[in-house]
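> Generate a structure from the sequence data that follows.
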Amino acid sequence: MARDSRDKSSSERHLDVQALRFSLVFPGLLAVGLILGGLMLAAKLPAGVVLPLGGNPVPVSVFLGVGVASIILVGVGLGSQGARTTLPRMLRRIVLGLAVALQLSVFTLFVAALLGQGARGQLTPERVDNYVLLMGCGLALAMGVVLALTFKPDEQWTSADDGAFAALLSAEADPQAAKDQLHYFLHPRSSVVIMILLAAIMPGAFLALISPWILLALVVAALLAIAMLCATVQVDRERLIVKILGFIPVLVAPCEGLDAAVSLDIVAGDYGGWGLRKHSGSATYLTRSGAAVVLRANDGGKVVVGAPNLDVADELSEILNRRAGKTPQQR
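Numbering: from 1, shown residues only. The predicted structure is shown next:
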(Lines give C-alpha, C1' and ligand atoms only; values in the text may rest on other atoms or scores of the structure.)
Protein backbone atom coordinates (compact mmCIF):
# COMPACT_ATOMS: atom_id res chain seq x y z
CA MET A 1 0.00 0.00 0.00
CA ALA A 2 2.86 2.36 0.90
CA ARG A 3 4.55 1.58 -2.39
CA ASP A 4 1.33 2.31 -4.32
CA SER A 5 0.96 5.70 -2.65
CA ARG A 6 4.59 6.53 -3.36
CA ASP A 7 4.21 5.61 -7.02
CA LYS A 8 1.07 7.71 -7.26
CA SER A 9 2.82 10.70 -5.68
CA SER A 10 5.76 10.38 -8.08
CA SER A 11 3.50 10.08 -11.12
CA GLU A 12 1.53 13.17 -10.14
CA ARG A 13 4.64 15.30 -9.65
CA HIS A 14 6.62 15.42 -12.87
CA LEU A 15 8.11 18.89 -12.28
CA ASP A 16 10.60 20.21 -9.77
CA VAL A 17 8.83 23.41 -8.68
CA GLN A 18 11.98 25.18 -7.47
CA ALA A 19 13.91 24.44 -10.65
CA LEU A 20 10.95 25.52 -12.78
CA ARG A 21 10.63 28.77 -10.84
CA PHE A 22 14.33 29.48 -11.37
CA SER A 23 14.10 28.72 -15.11
CA LEU A 24 11.31 31.30 -15.41
CA VAL A 25 12.61 34.05 -13.12
CA PHE A 26 16.29 34.12 -14.16
CA PRO A 27 15.75 34.80 -17.90
CA GLY A 28 13.12 37.38 -16.92
CA LEU A 29 15.69 39.25 -14.82
CA LEU A 30 18.21 39.11 -17.65
CA ALA A 31 15.59 40.49 -20.04
CA VAL A 32 14.85 43.38 -17.66
CA GLY A 33 18.58 44.11 -17.38
CA LEU A 34 18.94 44.18 -21.18
CA ILE A 35 15.99 46.55 -21.54
CA LEU A 36 17.34 48.95 -18.89
CA GLY A 37 20.81 48.92 -20.46
CA GLY A 38 19.37 49.46 -23.94
CA LEU A 39 17.30 52.44 -22.79
CA MET A 40 20.40 54.00 -21.21
CA LEU A 41 22.32 53.71 -24.50
CA ALA A 42 19.42 54.59 -26.80
CA ALA A 43 20.46 58.25 -26.99
CA LYS A 44 23.84 57.21 -28.46
CA LEU A 45 22.16 55.18 -31.19
CA PRO A 46 19.84 57.59 -33.04
CA ALA A 47 20.30 55.71 -36.33
CA GLY A 48 19.29 52.39 -34.81
CA VAL A 49 21.22 49.22 -34.02
CA VAL A 50 22.42 46.38 -36.23
CA LEU A 51 21.52 42.96 -34.84
CA PRO A 52 24.51 40.83 -33.71
CA LEU A 53 24.21 38.57 -36.76
CA GLY A 54 24.18 41.53 -39.18
CA GLY A 55 21.64 43.16 -41.45
CA ASN A 56 20.21 46.65 -41.67
CA PRO A 57 19.92 48.89 -38.58
CA VAL A 58 16.67 48.51 -36.65
CA PRO A 59 15.15 50.73 -33.96
CA VAL A 60 16.45 50.16 -30.45
CA SER A 61 13.01 48.92 -29.36
CA VAL A 62 13.05 46.22 -32.06
CA PHE A 63 16.63 45.28 -31.14
CA LEU A 64 15.66 44.90 -27.49
CA GLY A 65 12.57 42.90 -28.43
CA VAL A 66 14.66 40.42 -30.40
CA GLY A 67 17.15 40.19 -27.52
CA VAL A 68 14.47 39.61 -24.89
CA ALA A 69 12.78 36.98 -27.05
CA SER A 70 16.09 35.17 -27.60
CA ILE A 71 16.93 35.14 -23.88
CA ILE A 72 13.50 33.88 -22.87
CA LEU A 73 13.40 31.30 -25.65
CA VAL A 74 16.74 29.81 -24.60
CA GLY A 75 16.29 30.24 -20.85
CA VAL A 76 12.72 29.05 -20.46
CA GLY A 77 12.76 26.55 -23.35
CA LEU A 78 15.87 24.72 -22.19
CA GLY A 79 15.81 25.51 -18.47
CA SER A 80 12.29 24.15 -18.02
CA GLN A 81 13.53 20.77 -19.25
CA GLY A 82 15.83 20.65 -16.24
CA ALA A 83 12.74 20.79 -14.01
CA ARG A 84 11.37 17.50 -15.39
CA THR A 85 11.73 14.87 -12.67
CA THR A 86 11.39 12.10 -15.26
CA LEU A 87 14.93 12.86 -16.46
CA PRO A 88 18.02 11.45 -14.68
CA ARG A 89 19.40 13.67 -11.92
CA MET A 90 22.77 14.20 -13.60
CA LEU A 91 21.12 15.09 -16.91
CA ARG A 92 18.89 17.63 -15.17
CA ARG A 93 21.94 19.28 -13.65
CA ILE A 94 23.65 19.49 -17.02
CA VAL A 95 20.55 20.86 -18.77
CA LEU A 96 19.99 23.58 -16.17
CA GLY A 97 23.68 24.55 -16.16
CA LEU A 98 23.70 24.65 -19.96
CA ALA A 99 20.56 26.81 -19.97
CA VAL A 100 22.18 29.35 -17.65
CA ALA A 101 25.39 29.45 -19.70
CA LEU A 102 23.54 29.89 -23.00
CA GLN A 103 21.14 32.59 -21.85
CA LEU A 104 23.98 34.54 -20.23
CA SER A 105 25.91 34.22 -23.50
CA VAL A 106 22.92 35.52 -25.49
CA PHE A 107 22.56 38.40 -23.03
CA THR A 108 26.29 39.17 -23.42
CA LEU A 109 26.03 39.06 -27.22
CA PHE A 110 23.32 41.71 -27.33
CA VAL A 111 25.07 43.86 -24.70
CA ALA A 112 28.31 43.64 -26.70
CA ALA A 113 26.42 44.83 -29.79
CA LEU A 114 24.99 47.81 -27.91
CA LEU A 115 28.37 48.79 -26.44
CA GLY A 116 30.23 48.22 -29.70
CA GLN A 117 27.91 50.35 -31.81
CA GLY A 118 27.43 52.98 -29.14
CA ALA A 119 31.19 53.62 -28.81
CA ARG A 120 32.27 57.22 -28.52
CA GLY A 121 35.50 59.17 -28.16
CA GLN A 122 38.68 57.31 -29.09
CA LEU A 123 36.86 54.02 -29.65
CA THR A 124 35.92 52.88 -33.14
CA PRO A 125 32.29 51.73 -33.40
CA GLU A 126 31.90 48.08 -34.34
CA ARG A 127 28.97 45.70 -34.71
CA VAL A 128 29.94 43.60 -31.67
CA ASP A 129 32.53 44.42 -28.99
CA ASN A 130 34.61 41.22 -29.07
CA TYR A 131 36.29 41.81 -25.72
CA VAL A 132 33.00 42.31 -23.90
CA LEU A 133 31.64 39.22 -25.63
CA LEU A 134 34.67 37.10 -24.75
CA MET A 135 34.68 38.09 -21.09
CA GLY A 136 30.92 37.70 -20.78
CA CYS A 137 30.92 34.24 -22.38
CA GLY A 138 33.74 33.16 -20.07
CA LEU A 139 31.67 34.24 -17.08
CA ALA A 140 28.60 32.51 -18.56
CA LEU A 141 30.51 29.24 -18.88
CA ALA A 142 31.76 29.48 -15.30
CA MET A 143 28.26 30.23 -13.98
CA GLY A 144 26.83 27.28 -15.89
CA VAL A 145 29.42 24.90 -14.46
CA VAL A 146 28.89 26.20 -10.92
CA LEU A 147 25.12 25.81 -11.18
CA ALA A 148 25.42 22.30 -12.61
CA LEU A 149 27.65 21.29 -9.69
CA THR A 150 25.56 22.91 -6.94
CA PHE A 151 22.00 22.28 -8.16
CA LYS A 152 20.30 19.60 -6.07
CA PRO A 153 17.26 18.12 -7.84
CA ASP A 154 14.24 17.05 -5.81
CA GLU A 155 14.53 13.49 -4.60
CA GLN A 156 12.30 11.13 -6.58
CA TRP A 157 11.84 7.38 -6.43
CA THR A 158 13.42 6.06 -9.62
CA SER A 159 14.34 2.78 -11.27
CA ALA A 160 17.73 3.06 -9.54
CA ASP A 161 15.94 2.93 -6.18
CA ASP A 162 14.02 -0.12 -7.37
CA GLY A 163 17.34 -1.76 -8.23
CA ALA A 164 18.83 -0.87 -4.85
CA PHE A 165 15.77 -2.24 -3.07
CA ALA A 166 15.97 -5.49 -5.04
CA ALA A 167 19.69 -5.74 -4.29
CA LEU A 168 19.00 -5.30 -0.59
CA LEU A 169 16.47 -8.14 -0.62
CA SER A 170 18.91 -10.33 -2.53
CA ALA A 171 21.72 -9.48 -0.12
CA GLU A 172 19.64 -10.74 2.79
CA ALA A 173 19.40 -14.12 1.06
CA ASP A 174 23.09 -14.11 -0.02
CA PRO A 175 25.33 -11.90 2.23
CA GLN A 176 28.33 -12.38 -0.09
CA ALA A 177 26.40 -10.84 -2.99
CA ALA A 178 26.26 -7.49 -1.17
CA LYS A 179 30.06 -7.27 -1.38
CA ASP A 180 30.11 -7.84 -5.14
CA GLN A 181 30.01 -4.17 -6.02
CA LEU A 182 32.58 -1.39 -6.30
CA HIS A 183 32.60 2.22 -7.43
CA TYR A 184 35.55 4.56 -7.93
CA PHE A 185 36.66 7.64 -9.87
CA LEU A 186 39.46 7.81 -12.44
CA HIS A 187 41.31 11.01 -13.36
CA PRO A 188 44.65 11.92 -14.96
CA ARG A 189 47.63 12.96 -12.89
CA SER A 190 47.85 16.65 -11.99
CA SER A 191 51.02 16.96 -14.08
CA VAL A 192 49.09 15.74 -17.14
CA VAL A 193 46.27 18.24 -16.51
CA ILE A 194 48.77 21.10 -16.25
CA MET A 195 50.57 19.94 -19.38
CA ILE A 196 47.34 19.88 -21.41
CA LEU A 197 46.30 23.34 -20.18
CA LEU A 198 49.72 24.83 -20.90
CA ALA A 199 49.70 23.27 -24.38
CA ALA A 200 46.48 25.23 -25.05
CA ILE A 201 47.12 28.49 -23.18
CA MET A 202 50.69 29.23 -24.24
CA PRO A 203 50.14 29.20 -28.04
CA GLY A 204 46.62 30.56 -27.55
CA ALA A 205 47.99 33.64 -25.76
CA PHE A 206 50.01 34.58 -28.84
CA LEU A 207 47.24 33.70 -31.29
CA ALA A 208 44.83 35.85 -29.26
CA LEU A 209 46.57 38.84 -30.85
CA ILE A 210 44.90 37.72 -34.07
CA SER A 211 41.56 36.83 -32.50
CA PRO A 212 40.60 36.21 -28.83
CA TRP A 213 38.29 33.45 -30.04
CA ILE A 214 41.34 31.29 -30.86
CA LEU A 215 42.42 31.34 -27.22
CA LEU A 216 38.89 30.52 -26.08
CA ALA A 217 38.63 27.63 -28.55
CA LEU A 218 41.99 26.17 -27.46
CA VAL A 219 41.07 26.38 -23.77
CA VAL A 220 37.69 24.73 -24.41
CA ALA A 221 39.42 21.98 -26.42
CA ALA A 222 41.87 21.42 -23.55
CA LEU A 223 39.06 21.20 -21.00
CA LEU A 224 37.25 18.69 -23.20
CA ALA A 225 40.41 16.59 -23.45
CA ILE A 226 40.76 16.61 -19.67
CA ALA A 227 37.08 15.73 -19.27
CA MET A 228 37.51 12.73 -21.56
CA LEU A 229 40.14 11.43 -19.11
CA CYS A 230 37.81 11.64 -16.09
CA ALA A 231 35.39 8.78 -15.53
CA THR A 232 33.67 6.61 -12.95
CA VAL A 233 34.05 2.85 -12.90
CA GLN A 234 31.22 0.82 -11.40
CA VAL A 235 30.89 -2.93 -11.07
CA ASP A 236 28.04 -4.95 -9.60
CA ARG A 237 26.85 -8.53 -9.88
CA GLU A 238 25.85 -8.09 -13.53
CA ARG A 239 28.37 -5.88 -15.30
CA LEU A 240 31.29 -3.45 -15.25
CA ILE A 241 30.59 -0.03 -16.72
CA VAL A 242 32.81 3.01 -17.36
CA LYS A 243 31.13 6.43 -17.62
CA ILE A 244 32.97 9.56 -18.70
CA LEU A 245 32.32 12.32 -16.14
CA GLY A 246 29.99 9.88 -14.42
CA PHE A 247 27.13 9.99 -16.93
CA ILE A 248 28.33 9.06 -20.45
CA PRO A 249 28.67 5.25 -20.67
CA VAL A 250 31.52 4.35 -23.01
CA LEU A 251 32.51 0.83 -21.97
CA VAL A 252 30.31 -1.99 -20.69
CA ALA A 253 31.47 -5.54 -19.88
CA PRO A 254 28.73 -7.99 -18.74
CA CYS A 255 29.91 -10.43 -16.08
CA GLU A 256 28.30 -13.36 -17.87
CA GLY A 257 30.63 -12.80 -20.83
CA LEU A 258 33.85 -12.79 -18.79
CA ASP A 259 36.31 -15.64 -18.46
CA ALA A 260 38.79 -14.19 -15.94
CA ALA A 261 40.23 -10.94 -14.60
CA VAL A 262 43.69 -10.08 -13.30
CA SER A 263 45.13 -6.94 -11.69
CA LEU A 264 48.42 -5.65 -13.12
CA ASP A 265 50.79 -2.70 -13.03
CA ILE A 266 50.85 -1.61 -16.69
CA VAL A 267 52.19 1.06 -19.03
CA ALA A 268 49.38 2.89 -20.82
CA GLY A 269 51.38 3.04 -24.07
CA ASP A 270 51.41 -0.76 -24.26
CA TYR A 271 47.62 -0.74 -24.49
CA GLY A 272 47.13 2.11 -26.96
CA GLY A 273 47.57 5.12 -24.66
CA TRP A 274 45.29 7.28 -22.54
CA GLY A 275 41.54 7.54 -22.89
CA LEU A 276 39.06 5.23 -24.58
CA ARG A 277 40.45 2.80 -27.17
CA LYS A 278 38.48 0.18 -29.07
CA HIS A 279 39.93 -2.19 -31.66
CA SER A 280 39.17 -5.70 -32.92
CA GLY A 281 36.78 -6.65 -30.15
CA SER A 282 39.01 -5.27 -27.39
CA ALA A 283 38.54 -2.06 -25.41
CA THR A 284 40.62 -0.08 -22.93
CA TYR A 285 40.05 2.96 -20.76
CA LEU A 286 43.18 4.27 -19.05
CA THR A 287 43.92 7.70 -17.58
CA ARG A 288 47.51 6.94 -16.54
CA SER A 289 50.11 4.21 -16.36
CA GLY A 290 49.96 2.07 -13.22
CA ALA A 291 47.30 -0.11 -11.64
CA ALA A 292 44.71 -1.64 -13.95
CA VAL A 293 42.52 -4.71 -14.39
CA VAL A 294 42.74 -6.83 -17.52
CA LEU A 295 39.56 -8.79 -18.35
CA ARG A 296 39.48 -11.70 -20.77
CA ALA A 297 36.12 -12.32 -22.44
CA ASN A 298 34.76 -15.69 -23.51
CA ASP A 299 34.84 -14.61 -27.16
CA GLY A 300 38.56 -13.88 -27.01
CA GLY A 301 38.23 -10.11 -26.58
CA LYS A 302 40.04 -8.13 -23.93
CA VAL A 303 38.95 -5.23 -21.71
CA VAL A 304 41.46 -3.13 -19.76
CA VAL A 305 40.29 -0.62 -17.13
CA GLY A 306 42.49 1.59 -14.98
CA ALA A 307 42.34 1.79 -11.20
CA PRO A 308 43.56 4.36 -8.63
CA ASN A 309 45.94 1.83 -7.04
CA LEU A 310 46.71 -1.88 -6.92
CA ASP A 311 44.52 -2.47 -3.85
CA VAL A 312 41.45 -1.26 -5.73
CA ALA A 313 42.53 -3.23 -8.80
CA ASP A 314 42.84 -6.40 -6.68
CA GLU A 315 39.37 -5.85 -5.21
CA LEU A 316 37.88 -5.25 -8.65
CA SER A 317 39.46 -8.38 -10.12
CA GLU A 318 38.22 -10.48 -7.18
CA ILE A 319 34.64 -9.32 -7.71
CA LEU A 320 34.80 -9.96 -11.45
CA ASN A 321 36.31 -13.41 -10.97
CA ARG A 322 33.54 -14.32 -8.53
CA ARG A 323 30.89 -13.15 -10.99
CA ALA A 324 32.59 -14.38 -14.19
CA GLY A 325 30.28 -16.52 -16.29
CA LYS A 326 27.29 -15.98 -14.02
CA THR A 327 23.99 -14.82 -15.55
CA PRO A 328 21.75 -12.35 -13.73
CA GLN A 329 19.61 -15.27 -12.48
CA GLN A 330 22.61 -16.87 -10.73
CA ARG A 331 22.58 -14.68 -7.67
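> Dihedrals phi and psi, residue 237?
phi -80, psi -10 (degrees, to the nearest 10).
> what's the answer for residue 230, then?
In terms of degrees, to the nearest 10, the main-chain angles of residue 230 are phi -120, psi 130.
> Quick check: chain neighbours aside, which residue is closest to it?
residue 187 (4.8 Å; C-beta to C-beta, 6 or more residues apart in numbering). (Glycine included, C-beta is placed from N, CA and C.)
> What is the burial count for the one you found?
A count of nearby residues for residue 187, using other C-beta atoms under 10 Å, gives 15.
> Do I have it right that it meets residue 229?
Yes: counting by C-beta atoms under 8 Å, residue 187 touches residue 229, with 6.8 Å between them.
> Taking the centroid of this protein, which residue is nearest it?
A centroid search over the chain (C-alpha atoms, centre = their mean) returns residue 94, at 5.6 Å, as the residue closest to the centre.
> Low-confidence ranges, the stretch 51-200 of the chain, go.
Scanning the stretch 51-200 of the chain for pLDDT under 70 picks out 119-127, 129, 131, 147, 150-179.
> how about the helices of the stretch 151-300 of the chain, start to end?
Secondary structure of the stretch 151-300 of the chain (DSSP state H, counting those that start in this stretch): helices located at 159-173, 190-207, 212-227.
> in stretch 286-298, what counts as buried?
Going by neighbour count (16 or more other C-beta atoms under 10 Å), the buried part of stretch 286-298 is 286, 287, 288, 289, 290, 291, 292, 293, 294, 295, 296, 297.
> How about stretch 215-225?
Neighbour-count burial for stretch 215-225, with 16+ other C-beta under 10 Å as criterion, is recorded at 215, 216, 218, 219, 222, 223, 225.
> Kindly indicate which of these lies nearest residue 103.
residue 216 (18.5 Å; C-beta to C-beta).
> I'd assumed residue 138 was in contact with the closest one.
Yes: Residue 216 sits in contact with residue 138 when judged by C-beta under 8 Å, with a separation of 7.3 Å.
> Run a quick neighbour tally on residue 299.
Neighbours of residue 299 (other C-beta under 10 Å): 8.
> What helices and strands are in contact with the helix or strand hosting residue 73?
Secondary structure from DSSP states H and E places residue 73 in helix 60-79. Judged by 3 or more C-beta pairs under 8 Å, 6 or more residues apart in numbering; DSSP states H and E, the packing partners of helix 60-79 are helix 17-41, helix 89-117.
> one step back: which residues touch the residue nearest to the centre of the chain?
Neighbouring residues of residue 94 by C-beta atoms under 8 Å, 6 or more residues apart in numbering: 148, 247.
> And it, how far from residue 248?
Per C-beta to C-beta, to the nearest Å, residue 94 is found 10 Å from residue 248.
> Am I right that residue 64 is in contact with residue 36?
No: shown here, residue 64 and residue 36 do not form a contact pair, counting by C-beta under 8 Å, at 9.8 Å.
> So the two - more neighbours on which side?
Legend: neighbour count by other C-beta under 10 Å for residue 64 and residue 36, higher for residue 64 (22 against 10).
> Which residue is the nearest non-sequential neighbour of that one?
That would be residue 38: by C-beta to C-beta, 6+ apart, it lies 4.5 Å from residue 64.
> cool, and residue 19?
residue 83 (3.9 Å).
> how about that neighbour, what does it touch?
With C-beta under 8 Å, 6+ apart, residue 83 has these contacts: 15, 16, 17, 19, 20, 23, 92, 96.
> okay, now the second one: neighbour count?
Going back to what we said before, that points to residue 16. 22.
> now swap in the fifth one and tell me
Residue 20 is flanked by 16 other residues according to other C-beta under 10 Å.
> Let me know whether it touches residue 80 as I believe.
Yes: here residue 20 reaches residue 80: they are 6.1 Å apart, a contact under C-beta under 8 Å.
> in the stretch 201-331 of the chain, which ranges drop under the pLDDT threshold?
Under the criterion pLDDT under 70, the flagged ranges of the stretch 201-331 of the chain are 209, 325-331.
> hmm, try it at 90
For the stretch 201-331 of the chain, residues meeting the criterion pLDDT under 90 lie at 201-241, 243-304, 306-331.
> May I have the phi/psi pair for the residue nearest to residue 230?
phi -150, psi 160.
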